[in-house]
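Enquirer: Quick check, what structure comes out for this input:
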Amino acid sequence: ENDDDDDDSSPVVGQWRTTLCSCCDVLTQSTFWIGLFCPIILVAQVMTRLELSWYGQPAKSKQQAKMTYNIVTGIIIFSLLFWSIPFVGSMVAVMFYFFMVYIGMHTRAYIRQTYQIPPTVNCCGCCGGSTNKNGKQEEKGAPRQRTSGGDNVFDDCCCMLLCSWCTTIQMARHTHNDKEYPGYCCTSTGLELDAPEIV
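Expert: Next up, the predicted model:
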């Protein structure tokens, strides 16, 4: 059961630590509220934890990864400056939304490949958990490695388009133990400064 996975100190391999519909479990944490009202910020925090670039691909250096949160935040501020302008604001809003879906989709795909998580067959229904190819959960705490078994960009795009806040919260919760290290809104990783980035 996924409830047991929350207590483990290592990210789960072979399936998501939590289901999409379990986002309300962290109702009292900043993870929930950032994911609800500004999911792109939460995506940027997850990308920083995973050392991804601002466009959702593995960063070429740690310095580039550290800039991810700042760049995405800058894009948000830049977009807000134009939203009040007729027509231009609408175009910027549409581009901003698809940018969020794009980086969220690639971040989710990276997480699935890293932790060998197969595509969620019914991503729109969102209440069914994921399992590995054999229908069983992989051993917890196994070494992280990228595989081709999780390649299904349509699945990741579908989840980001239809429920971006549930999807981003699921990604954030998979990469840290929110019982031991609750979400923290004011850092580039979404965790307190003394918390490990991936637990």
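Enquirer: what mean pLDDT does the longest helix along the chain have?
Expert: When the chain is parsed with DSSP state H, its longest helix is helix 88-114. Averaged across helix 88-114, the pLDDT comes to 94.
Enquirer: go on, stretch 164-183?
Expert: Here the average pLDDT along stretch 164-183 is 90.
Enquirer: Check which residues of the helix or strand following the longest helix of the chain are buried.
Expert: Downstream of helix 88-114, the next assigned helix or strand under DSSP states H and E is helix 153-162. By 16 or more other C-beta atoms under 10 Å, the buried positions in helix 153-162 come out as 155-161. For every residue, glycine as well, the C-beta is placed using N, CA and C.
Enquirer: quick revisit: and the longest helix of the chain, what other elements does it pack with?
Expert: In terms of contacts (3 or more C-beta pairs under 8 Å, 6 or more residues apart in numbering; DSSP states H and E), helix 88-114 is packed against helix 39-49, helix 68-82, helix 153-162, helix 164-174.
Enquirer: Give the other helices and strands that the shortest one contacts.
Expert: This points to helix 153-162. For helix 153-162, the packing partners by 3+ C-beta pairs under 8 Å, 6+ apart are helix 88-114, helix 164-174.
Enquirer: what about 7 Å?
Expert: In terms of contacts (3 or more C-beta pairs under 7 Å, 6 or more residues apart in numbering; DSSP states H and E), helix 153-162 is packed against helix 88-114.
Enquirer: could I get the helices and strands packed on helix 88-114 as JSON lines with distance to Y181?
Expert: Shown next, in JSON lines, are the helices and strands packed on helix 88-114 (distance: least, C-beta to C-beta, whole Å):
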{"stretch": "helix 39-49", "distance to Y181": "11"}
{"stretch": "helix 68-82", "distance to Y181": "18"}
{"stretch": "helix 153-162", "distance to Y181": "24"}
{"stretch": "helix 164-174", "distance to Y181": "11"}
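Enquirer: Of all the ones you listed, which one comes closest to L20?
Expert: helix 164-174 (4.5 Å; C-beta to C-beta).
Enquirer: angle of that closest one against helix 88-114?
Expert: 40 degrees (axes from the mean of the first three to the mean of the last three C-alpha atoms, to 10 degrees).
Enquirer: which parts of the longest helix of the chain are buried?
Expert: Within helix 88-114, the residues that qualify as buried are 92, 96, 99-101, 103-114, counting by 16+ other C-beta under 10 Å.
Enquirer: now do stretch 57-76
Expert: 59, 65, 67-69, 72, 75-76.
Enquirer: who's in contact with that stretch?
Expert: With contacts defined as C-beta atoms under 7 Å, 6 or more residues apart in numbering, stretch 57-76 is touched by 40, 44-45, 47-48, 51-54, 99, 106, 188.
Enquirer: what mean pLDDT does it have?
Expert: Across stretch 57-76, pLDDT averages out at 93.
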